[in-house]
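Participant: Need a 3D model of the sequence below.
(chains A, B and C)
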Amino acid sequence: MAMDQVRALLEQLDSLKTNLHEQDFLLTWNQWTDELKAVLVVAEVLEELHRANVSTRVFDSGLAVANFRDKSTRTRFSFASAASLLGLTVQELDEAKSQIAHGETVRETANMISFLTEIVGIRDDLYLGEGHRYMAAVAAALEEGHEEGVLPQRPAVINLQCDLDHPTQTLSDLLHLQKTFGSLEVLRGKKIAMTWAYSPSYGKPLSVPQGIICLMTRFGMHVALAHPDGYELQPETIERAGQFAAESGGSFECVESMGEAFCDADIVYPKSWAPYYTMENRTAALRNGDASVLGKIDQAGLENNARFKEWECSKELMSLTRGGKALYMHCLPADISGINCEAGEVAADVFDSYRLATYREASHKPFIIAAMMMLTRLEKPGDVLRRIVARGESRRMM
Amino acid sequence: MAMDQVRALLEQLDSLKTNLHEQDFLLTWNQWTDELKAVLVVAEVLEELHRANVSTRVFDSGLAVANFRDKSTRTRFSFASAASLLGLTVQELDEAKSQIAHGETVRETANMISFLTEIVGIRDDLYLGEGHRYMAAVAAALEEGHEEGVLPQRPAVINLQCDLDHPTQTLSDLLHLQKTFGSLEVLRGKKIAMTWAYSPSYGKPLSVPQGIICLMTRFGMHVALAHPDGYELQPETIERAGQFAAESGGSFECVESMGEAFCDADIVYPKSWAPYYTMENRTAALRNGDASVLGKIDQAGLENNARFKEWECSKELMSLTRGGKALYMHCLPADISGINCEAGEVAADVFDSYRLATYREASHKPFIIAAMMMLTRLEKPGDVLRRIVARGESRRMM
Amino acid sequence: MAMDQVRALLEQLDSLKTNLHEQDFLLTWNQWTDELKAVLVVAEVLEELHRANVSTRVFDSGLAVANFRDKSTRTRFSFASAASLLGLTVQELDEAKSQIAHGETVRETANMISFLTEIVGIRDDLYLGEGHRYMAAVAAALEEGHEEGVLPQRPAVINLQCDLDHPTQTLSDLLHLQKTFGSLEVLRGKKIAMTWAYSPSYGKPLSVPQGIICLMTRFGMHVALAHPDGYELQPETIERAGQFAAESGGSFECVESMGEAFCDADIVYPKSWAPYYTMENRTAALRNGDASVLGKIDQAGLENNARFKEWECSKELMSLTRGGKALYMHCLPADISGINCEAGEVAADVFDSYRLATYREASHKPFIIAAMMMLTRLEKPGDVLRRIVARGESRRMM
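Facilitator: Numbering: from 1, shown residues only, chains lettered A, B, ... in the order given. Next up is the predicted model:
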């Protein structure tokens, strides 16, 4: 039965047009929709095979480099799990804290860590205008290294969260929606509210809301974005969300309040992020080498946050959603009022009703990352998966 | 010959009644005696197979999470070795220093790190009343996660030292005794002195002496505990030691001095631990958030220690043991007078005579941990071990 | 074709007389020339097999301990890559910063981390007279542990840079020369300039220049060493270089300037290192426990450096080499004038012409380390490699 499911998924994979082999995975909006679907399909196959105790080892040796320029627990473990699932060894690159790295150093280091490397996973999300730029620079260095014969293989760079996008998170979110609602098709016409929410904690990146509005609009969903004044997203992502919605038959609107966004929503994603000007000031301070002012900027950002404590996902707001039963989503950890903070993003009773659902949402990430690894590194991932099924080796002895 | 030995051990394993599958391994006193024997037997099998160059790989992928909330070298390496032996990948969970973690956070983190995890090893030994509680909370969260379908498998929590017990150490100690004296049966009626000893270093946990008195009393040994006033162990462990001794036909007594404990002892285990009130004050300070007073408490504890410098395992004291030839044991590192401290737990000449023996004592730990991994994760570990023997794959090419 | 190449190399390996099995790899000058050639040959075989997608897994389990007592990125990744290539799991030993470790502690720790360990890689290069001594102490402890039955196998210590030598670097350099010029034979009679160069950064170890002069003189090369007064190398390495040159038919000379060394050179290796007296003062301070004066010593060393800014590998100096076309070498990272420092070891235009060549030079290191692992741990590495070829397992699915 699990294997029938796998076979059906592999047929679906055959029908998708993709060009990910020997590429990187940096921003969902630079990938074809079929490529995003391929990530979901391969992730599902890997989940099925894992549950069916089938070994999915693809690599006999080789490194998966983890370069976390910002702290991480769940993505770190998801990356390590994905590597283990496919047979790669994680090696952490411990740079100093996120900084504007010198071009020469980036180019050299990228090659020096990659002689036997298949994957370079990077998190670099602290500074607007820097994270993606850094990942692109690493990718270009690896491309040159491979072309010039320095590297026997071309490692793929996988974005584990940058200043613009967080594709391993948003695709896990999408797989969660697909499994919760039944299929991608069923999601067409559903309304999702991506809203800012109050948090007493540090200036969180904009990558999740930006990633969500640019991804969900591609699948025919109605996306409503809401945030207080001053919490704008990067203009290019707003523009892209509008274009994607137009192309897919969905819609994209910016509204004024959490309540307006929640109205008749099928899905809500209330989550804090930093004020846009804070993020810009941080980058400017970084560029000027004013590391000492970063604390002050963050402090000012938090004080500004405090003006919007009423942006909390409460039971009352949830009652505005379709039938009062919208699916609550969060990338975790959430700031839960009265639990891990005085006042936060979500009321304790709301979070509690969806706690296990948010765990399931997160549970897809290792498989999403493993799917990205397979699709970027294998010429014919469908063929390899069929050979894996035929091989039928056990993931563990029973 | 090695294989005959293995076959005999596997028959022994068949005769033991165990219920460890899908369970955790937290406290020896919550496990049946047969389960403890099973750990010893499987550890021995793994040692034999390792020496016979037989691969004992059970897992093709999957994580063994190492969560060290206190520093560690030997247990860390033993855990990594055990994981490697069975085919698991270690991923370290780097939390801030040991603290009273929030229930919500514990529950969430336990799941977030476990989507492809088979084992969660935890060391949390700094605060009386906290370490075991934390491990039990993690175990409960994993149980819920598995039951609710969040986790495809139920990871086992393995206690790598808590405030109450240190089962990977004490079972290594017991395997060392078994190998030194010939069998568990021969240990019946032997006298072991578990005594406090002076140390100039920080407030060491009570878990080793507590674990030793609760374990050795189960195997018919005569256990004598000695320590200065103020260095009491947790009352519940004293009580259990008495009960176990009564059940097994051994004995348990608390005596006043190292000399009294050593008298006619077959085995001595002189080791420092912190004053009980120090441990209680530490926990209170932690609960009140008075992290700053911890240093003062530890300082006071050390000053109190200094009143008992004569509690040193000297040649004279050793001469009181049976034939002057008791086996000296230590979990290492020992504070050796004149070697790594001015005055410490043991005289240099005594330690030197038993140095290699203490290394051998420690050498069992990787196999004890691997045995716990197999017994908690496999439904029929005996069958798996027989298939491993039949498979006969090499651990390394020769 | 790749396989024909491999077969030819294996025949070459058969013809070499080596005695590395169950030994350590600490200093090239304590190894026979045939043993050094064997490292090169096995490294080449491993490179060929890697490119031909042949799995070179030798170990099914076991640890490769990485003990970096000084910072490292490229050697750390090379070591991890080598371990992955052969099937070993890296476990890092995180000691406090480099220090004169107590004999008892070294002996004990060496055993405690090695119950399932095949390789112990160590970097300890900060103090003249200490690094090699430490590695030898670890090796002696492992030898004793194995002989006494504490360790089921005898882990090999591999020098990842000490105060005297940096064999994984210099043998990578030699393999780079062999590949660039065509063969070891062609290198006979070539001139290599090993010269000091200015750097604004910290007191770099002497191990690379010492290693280079002692290695290249063994292969019939003409080695010219140049440095400012006060930047002498360890006298014993100067002496050895002279002896090796005499034996091999090469030559070794100390000259006064970079220009003189570069004159008609086929290869140049301009690289900074610390003043000798600085290194001696550092060790004295360490021995006296004057950790606080280390900063001052290093500062004085840097100020002394500043008197020799003209020691820069410039286009003008390069024009003095044979045909103006000498091969530029560097162990990376280089201090490049105007790029990552104001004034440094090499002019930007010179470095840029050889940038990719220095990457290729570095690319051999994972394979050199893996070759050392195989040669020290396997009795008949040639036989094992032939069985690996015959086995023909894929390194990764295609």
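Participant: and the residue nearest to A:Met318 when sequence neighbours are not counted, what does it touch?
Facilitator: Sequence neighbours aside, A:Val350 is the residue nearest to A:Met318 in space, at 5.7 Å (criterion: Cβ to Cβ, 6 or more residues apart in numbering or on different chains). Every residue, glycine included, has its C-beta placed from N, CA and C. When contacts are counted by Cβ atoms under 8 Å, 6 or more residues apart in numbering or on different chains, A:Val350 touches A:Cys313, A:Ser314, A:Lys315, A:Met318, A:Tyr328.
Participant: Which of those residues has the largest number of neighbours?
Facilitator: Within the contacts of A:Val350, neighbour counts (other Cβ atoms under 10 Å in any protein chain shown) peak at A:Cys313, which reaches 30 neighbours.
Participant: That residue and A:Ala326 touch, don't they?
Facilitator: No. A:Cys313 is not in contact with A:Ala326 according to Cβ atoms under 8 Å; the separation is 10.0 Å.
Participant: Might you list the low-confidence residue ranges for chain A?
Facilitator: Along chain A, segments meeting pLDDT under 70 span A:1, A:96-103, A:202.
Participant: that older thread, which helix or which strand is home to the residue nearest to A:Met318?
Facilitator: For A:Val350, the host element (DSSP states H and E) is helix A:348-363.
Participant: likewise A:Leu160?
Facilitator: Per DSSP H and E, A:Leu160 falls inside strand A:156-162.
Participant: what angle do the helix or strand just after that strand and strand A:156-162 make?
Facilitator: From strand A:156-162 onward toward the C-terminus, using DSSP H and E, the following helix or strand is helix A:167-181. Angle, helix A:167-181 to strand A:156-162, by axes from the mean of the first three to the mean of the last three Cα atoms, to 10 degrees: 80 degrees.
Participant: For the nearest residue to A:Gly189 once chain neighbours are set aside, list the residues it contacts.
Facilitator: Among residues not flanking A:Gly189 along the chain, A:Gly220 sits closest, at 6.3 Å (Cβ to Cβ, 6+ apart). By Cβ under 8 Å, 6+ apart, the contact list for A:Gly220 reads A:Leu187, A:Arg188, A:Gly189, A:Ser248, A:Gly249, A:Gly250.
Participant: Enumerate the beta-bridge partners assigned to the closest residue to A:Leu26 other than its chain neighbours.
Facilitator: Excluding its sequence neighbours, the residue lying closest to A:Leu26 (Cβ to Cβ, 6+ apart) is A:Asn159, at 4.7 Å. Beta bridges link A:Asn159 to A:Ile122 when assigned by DSSP bridges.
Participant: How far off centre is stretch A:347-367?
Facilitator: Stretch A:347-367 sits 15 Å away from the centroid of its parent chain (Cα atoms, centre = their mean, to the nearest Å).
Participant: tell me which residues in that stretch are buried?
Facilitator: By 16 or more other Cβ atoms under 10 Å in any protein chain shown, the buried positions in stretch A:347-367 come out as A:347, A:350-351, A:354-355, A:357-367.
Participant: I'd guess A:Leu225 is in a helix, am I close?
Facilitator: No. Going by DSSP: H, G, I helix; E, B strand; the rest coil, the assignment for A:Leu225 is strand, not a helix.
Participant: how's chain A carved up into domains?
Facilitator: Under the assignment automatic domain parsing, the domains of chain A span A:2-165+A:364-391, A:169-362.
Participant: and the ones you listed, which is most packed in?
Facilitator: Each of the domains of chain A was assessed for mean neighbour count using mean count of other Cβ atoms under 10 Å in any protein chain shown. The highest is domain A:2-165+A:364-391, with a mean of 21.
Participant: Distance check, the residue nearest to A:Gly189 against chain B.
Facilitator: Distance of A:Gly220 to chain B, given as Cβ to the nearest Cβ, to the nearest Å: 28 Å.
Participant: mind checking how far that residue is from C:Arg240?
Facilitator: Counting by Cβ to Cβ, to the nearest Å, the separation of A:Gly220 from C:Arg240 is 75 Å.
Participant: likewise A:Thr56?
Facilitator: 52 Å.
Participant: what's near enough to touch A:Val106?
Facilitator: By Cβ under 8 Å, 6+ apart, the residues touching A:Val106 are A:Tyr134, A:Ala137, A:Val138, A:Ala141.
Participant: Just the ones in helices from the residues you listed, please.
Facilitator: Among these, DSSP state H puts A:Tyr134, A:Ala137, A:Val138, A:Ala141 in helices.
Participant: Okay, the third one and chain B: tell me how far apart.
Facilitator: Between A:Val138 and chain B the computed distance is 23 Å (Cβ to the nearest Cβ).
Participant: Spit out the contact partners of that residue.
Facilitator: With Cβ under 8 Å, 6+ apart as the criterion, the residues that contact A:Val138 are A:Val106, A:Ala110, A:Val120, A:Ile122, A:Val157.
Participant: what separates the second one from B:Leu215, distance-wise?
Facilitator: Read that as A:Ala110. For A:Ala110, the distance to B:Leu215 equals 52 Å [Cβ to Cβ].
Participant: Kindly report the same for the last one.
Facilitator: The spacing between A:Val157 and B:Leu215, counted by Cβ to Cβ, is 51 Å.
Participant: what's the residue closest to the geometric middle of chain A?
Facilitator: Per Cα atoms, centre = their mean, the C-alpha nearest to the average position across chain A is that of A:Gln169, at 2.6 Å.
Participant: Excluding chain neighbours, what is closest to that residue?
Facilitator: Nearest residue to A:Gln169, sequence neighbours excluded (Cβ to Cβ, 6+ apart): A:Cys331, at 5.2 Å.
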